[in-house]
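using only what follows, build the 3D model:
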Amino acid sequence: MTKSTEGRPSHPPSKPATRLVTAGRDPAANHGFVNPPVQHASTVLYPSAEDFLARRARYVYGRRGTPTSEALETALRELEGPQCAGVALVPSGLAAISTALLSVLQAGDHLLVTDSAYQPTRKFCNGVLTRYGITTTYYDPMVGAGIAALMQPNTRAVFVEAPGSLSFEVQDVPAIAAAAHAGGAVVLMDNTWASPLYFRAFDKGVDLSIQAATKYIGGHSDVMLGTVSANAKTWPRLHDTMHALGLCVGPDDMFLGLRGLRTLGVSLAQHYQTGLMVARWLAQRPEIARVLHPALDTCPGHAVWERDFSGASGLFSVVFKPVSQTAVNAFLDELDLFGIGASWGGFESLAIPFDCAPIRTATTWAPGGPTVRIHIGLEDVDDLLGDLERGFAALAAAR
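Numbers count the residues shown, from 1 in each chain. Next comes the predicted model:
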């Protein structure tokens, strides 16, 4: 996209890797510069009072959109595919989840949420939604089409996350979506782990596809950003809800999202390749009972992952054989290349301890040993394995 396309023949639809590079860019409109401008803006001036009263302008106010926001929204819409009618940009992944839910629910409604959802999603449902008279039922992530039995006359939405946060169950999204739609409900999905590159949410029956763009879209651990992509049925209310809540994203954060998006294809492929190599190596370690990586058959829903996904990210979990938490802490503390910190999706590797047991309500979390979530970054795989070897040595010494 370096030349004007006016009067030129159209080209066949491009593949995702090409769309990541070209979508949302128009150098001819920006004096030939490759990237769109970072537009710091609030007030938009109109040429006349009549134009102001009629709101005759491409942009009406900074919070309502700028060339910078339009570039990112356009790029994401092209990445999501032709069923995407619009994209809402919000300040964080949690803001994306809450805004999407508020756009489809009202007092008296019932919501179904996977028991494996991101914990802040549960807090929003149990707190804010409860205060507004919306009830939530959590369900077994592996229920599949059986979710039809949980639908109530006032069930308006079903929330899925595949794979599950921390525990990595891969849900049968098409089966759940079919049952939800038959019951008159819409389907929302947290698709942060795979992104639209590796999971085509709208093709699988999802109505609202949510991403914490803080993660892989940003890609550099330096931006807070969330996105909600909607189909034609859900876009009008999502659009209205976002603007009624006064949500907007700063122009520099939008630019960082665009920057990360351009290299998402190559970075995610590297996360996938190295992550799978490390996961397979860990599966052979005598200290590890199970590796919860969707590409391995030890992960619940692995067959569904093979059917519905075209790749994996660098995030997965491991279950240690029974050992003290003190020993696990020694393992984590010894690691040099793996930081201990929340979030993931950046270029660096991470490892954190976790326990799903206190938050599960529809299922029981009893993996048989301590658990650690791992994010594999862009470091050399041999260096990562050497770092893990040192961690296991520290674990053995602390037994």
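
who touches A100 in this structure?
By Cβ atoms under 8 Å, 6 or more residues apart in numbering, A100 lies in contact with 188, 208, 210, 228, 238. To be clear about C-beta, it is placed using only N, CA and C from the backbone, and glycine gets the same treatment.

quick check, the last one in contact with S229.
This points to L238. No - using Cβ atoms under 8 Å as the test, L238 is too far from S229 to be in contact (9.1 Å).

show me the common contact partners of the two, please.
Here L238 and S229 have 86, 88, 208 as joint contacts, going by Cβ under 8 Å, 6+ apart.

and whichever strand or helix holds the second one, average pLDDT?
Taking DSSP states H and E as the criterion, A88 maps to strand 86-90. Regarding strand 86-90, the rounded mean pLDDT is 98.

and that strand, what does it pack onto?
Judged by 3 or more Cβ pairs under 8 Å, 6 or more residues apart in numbering; DSSP states H and E, strand 86-90 is in contact with helix 67-80, helix 93-104, strand 226-230, helix 235-244.

so how far is stretch 103-116 from its chain's centroid?
Relative to its chain's centre, stretch 103-116 lies at 19 Å (Cα atoms, centre = their mean, to the nearest Å).

can I get the CA coordinates of it in CSV?
C-alpha atoms of stretch 103-116 as CSV (Å, rounded to 0.1, in the frame of the first residue of the first chain):
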residue,chain,number,x,y,z
SER,A,103,-23.8,-4.1,25.4
VAL,A,104,-25.9,-7.3,25.3
LEU,A,105,-27.3,-7.5,28.8
GLN,A,106,-29.9,-5.6,30.9
ALA,A,107,-31.6,-6.0,34.2
GLY,A,108,-33.4,-9.4,34.6
ASP,A,109,-31.2,-11.2,32.1
HIS,A,110,-29.3,-14.4,32.7
LEU,A,111,-25.7,-15.0,31.6
LEU,A,112,-23.7,-18.3,31.2
VAL,A,113,-20.0,-18.0,31.7
THR,A,114,-17.3,-20.8,31.4
ASP,A,115,-15.9,-21.8,34.7
SER,A,116,-12.4,-21.4,33.2
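
buried residues in that stretch?
103-105, 109-116 (16 or more other Cβ atoms under 10 Å).

just send the residues you listed back as CSV, with secondary structure and distance to R285 too.
Formatted as CSV, the buried residues of stretch 103-116 follow (DSSP: H, G, I helix; E, B strand; the rest coil; distance: Cβ to Cβ, whole Å):
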residue, secondary structure, distance to R285
S103, helix, 45
V104, helix, 44
L105, coil, 45
D109, coil, 47
H110, strand, 44
L111, strand, 40
L112, strand, 37
V113, strand, 34
T114, strand, 30
D115, coil, 29
S116, coil, 25
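
re earlier: which of the helices and strands packed on strand 86-90 sits closest to G127?
For G127, the closest of the helices and strands packed on strand 86-90 is helix 93-104, at 10.4 Å, according to Cβ to Cβ.

what's the spacing between the closest one and its chain's center?
13 Å.

any idea of the mean pLDDT in it?
Averaged over helix 93-104, pLDDT sits at 98.

how many residues are close by the spatially closest residue to G81 that is not a sequence neighbour?
Residue nearest to G81 in three dimensions, not counting chain neighbours: F202, with 5.7 Å by Cβ to Cβ, 6 or more residues apart in numbering. When neighbours are defined as other Cβ atoms under 10 Å, F202 has 20 of them.

repeat for the one 10 residues further on
Using other Cβ under 10 Å, the number of residues around A212 comes to 26.

now the nearest residue to F168 once chain neighbours are set aside: phi and psi?
Nearest in space to F168, with sequence neighbours left out and distances taken as Cβ to Cβ, 6+ apart, is L292 at 4.2 Å. Here is the backbone geometry of L292 (degrees, to the nearest 10): phi -100, psi 80.
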